[in-house]
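I'd like to go over a predicted model; first the sequence, then the structure.
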Amino acid sequence: MLNKLLLDFAQWMDAQPWSSSLHESFYLFNWLETTHVMTLMLSLGMLVVIDLRMLGWIMPTVPASKIADRLFVPMIIGFSIMVITGVWLFTAIPIRYTQSIWFRIKLILLFAAFINAVLFHRHLKASAGSWDTAPKPPKRTRTAAALSLSLWAGVVICGRFIAYDWYDCGKDGNSAFINWAAGCIAELPAE
Amino acid sequence: MSIREKVAITTAAAIILVTVIYWASEIKAVADVLKQAYG
Amino acid sequence: MSVEPFFVWLEASPLGVFMKDLPATFATVEAVHLMALAVLGGTVFATDLRLMNVILRDVPSNTVSEQSYKWFKGALIVLLITGFMMLAGVATKCYGNPYYWTKMYALAAGIVFAMAIKQPLLKQDHATLKPATRYLVALASISIWFLVAASGRWIGFSG
């Protein structure tokens, strides 16, 4: 089953020397984590400004597509750093992250946010001319922007919650649902 | 240049200087620890 | 004059008790703190990168800074409120943590610089400012907020 596959992969990675040395290195790991958190000021910062314009709440005199276009590159640079640092962090404690319900939800929300962004980008290209200069874009645009902000808020919240052990595998009080959703193979009935 | 602009440049330069010095001392402290640990 | 009594009092206060009660409380307040940080970062980068002519070059610099400023202030208020709430939960630990004090000094400098020096300056037409002025002001702004954020994160690593 998928959970077993994921756990096998995580256990293999955890056994690698580069995984443990990253996890144990106080400065490298912590600076990696710090970079990951602080870079959200760039990646999410740019995204927030774009979404705020799509809601008509900032720089209403500037065409919406221009804001989206001009801030796209710094946003992508920020997200690239987030992905690189994120993957690198994962390699340090792969088992913990693989079996973390918050990490799993975070990835699902990330995927949803990405789909939302791609769909929105297409919509923007198709209809930019009509409402571009309007201070307040049409409902569909505003909904997409609000959804984007909500999904990313979810990503940030889940990211923060990963550090807590409330639903870690093996904790008593964990429901069967949690054990299944988080892939706690040791706690699930044998297949 | 107006007074306002002069004040802005001076304080900006001071902030940049202080932050550079701060990071330099932090980096040195880390380098010292690593040198101690790994010789 | 020591401010330690204030920190002891704060941690024992109803707010301190509330923040310590459930782990989810502190975590949620912190998540809100991070979201406000994203907004602050967005406004700081938009304004400062525009001042340095790096992004949004065909949008008037005055428009960018003026429009970003109200969101900057809003984000700052949320950061201060959530920050104070978190402080209440771990006040005495913060008192003894050098990174906490670095953050507070940097935060004070950041607020004074942003509101008393940078904002009044940016009210005038940016084209009338010397390029060196714009670069230095933008660089100082990015530097100080970077320091606030970084030292803030390191509070957690050295408690």
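Received it, and whenever you're ready, just let me know what you need. Residues are numbered from 1 along each chain as shown, chains lettered A, B, ... in the order given.

and residue 65, what element?
Answering for chain A, as no chain was given. helix A:64-92 (DSSP states H and E).

was after chain C, sorry
Assigned by DSSP H and E, C:S65 belongs to helix C:61-89.

Okay, angle between that helix and helix A:64-92 too, please.
40 degrees (axes from the mean of the first three to the mean of the last three Cα atoms, to 10 degrees).

Tell me which stretches of chain B form strands.
Counting by DSSP state E, one finds no strands in chain B.

hmm, back to that, from the contact counts, what lies against the helix holding C:S65?
For helix C:61-89, the packing partners by 3 or more Cβ pairs under 8 Å, 6 or more residues apart in numbering or on different chains; DSSP states H and E come out as helix C:4-12, helix C:14-21, helix C:23-51, helix C:119-122. C-beta coordinates here come from the backbone N, C-alpha and C atoms, glycine included.

what's the average pLDDT for the second one?
Read that as helix C:14-21. The average pLDDT for helix C:14-21 rounds to 96.

circling back to that earlier point, packing partners of the helix or strand following the helix holding C:S65?
Downstream of helix C:61-89, the first helix or strand assigned by DSSP H and E is helix C:91-95. Applying 3+ Cβ pairs under 8 Å, 6+ apart, one finds that helix C:91-95 makes contact with helix C:4-12.

Give me the contacts around the helix it packs on.
Residues outside helix C:4-12 that contact it (Cβ atoms under 8 Å, 6 or more residues apart in numbering or on different chains): C:G16, C:K20, C:L87, C:A88, C:G89, C:V90, C:A91, C:T92, C:C94, C:Y95.

Would you mark the buried spots in that helix?
Buried residues in helix C:4-12, defined by neighbour count with 16 or more other Cβ atoms under 10 Å in any protein chain shown: C:F7, C:L10, C:E11.

Which one of those residues is nearest to B:Q36?
Distance to B:Q36 across those (Cβ to Cβ) is lowest for C:F7, with 32.6 Å.

Would the helix holding A:S65 count as contacting chain C?
Yes - counting by Cβ under 8 Å from any Cβ of the partner chain, chain C has neighbours in helix A:64-92: A:K66, A:I67, A:R70, A:L71, A:V73, A:P74.

Helix or strand for the nearest residue to A:L2 once chain neighbours are set aside, just tell me which one.
Using Cβ to Cβ, 6 or more residues apart in numbering or on different chains and skipping residues adjacent in sequence, the residue nearest A:L2 is A:G183, 7.8 Å away. Assigned by DSSP H and E, A:G183 belongs to no helix or strand.
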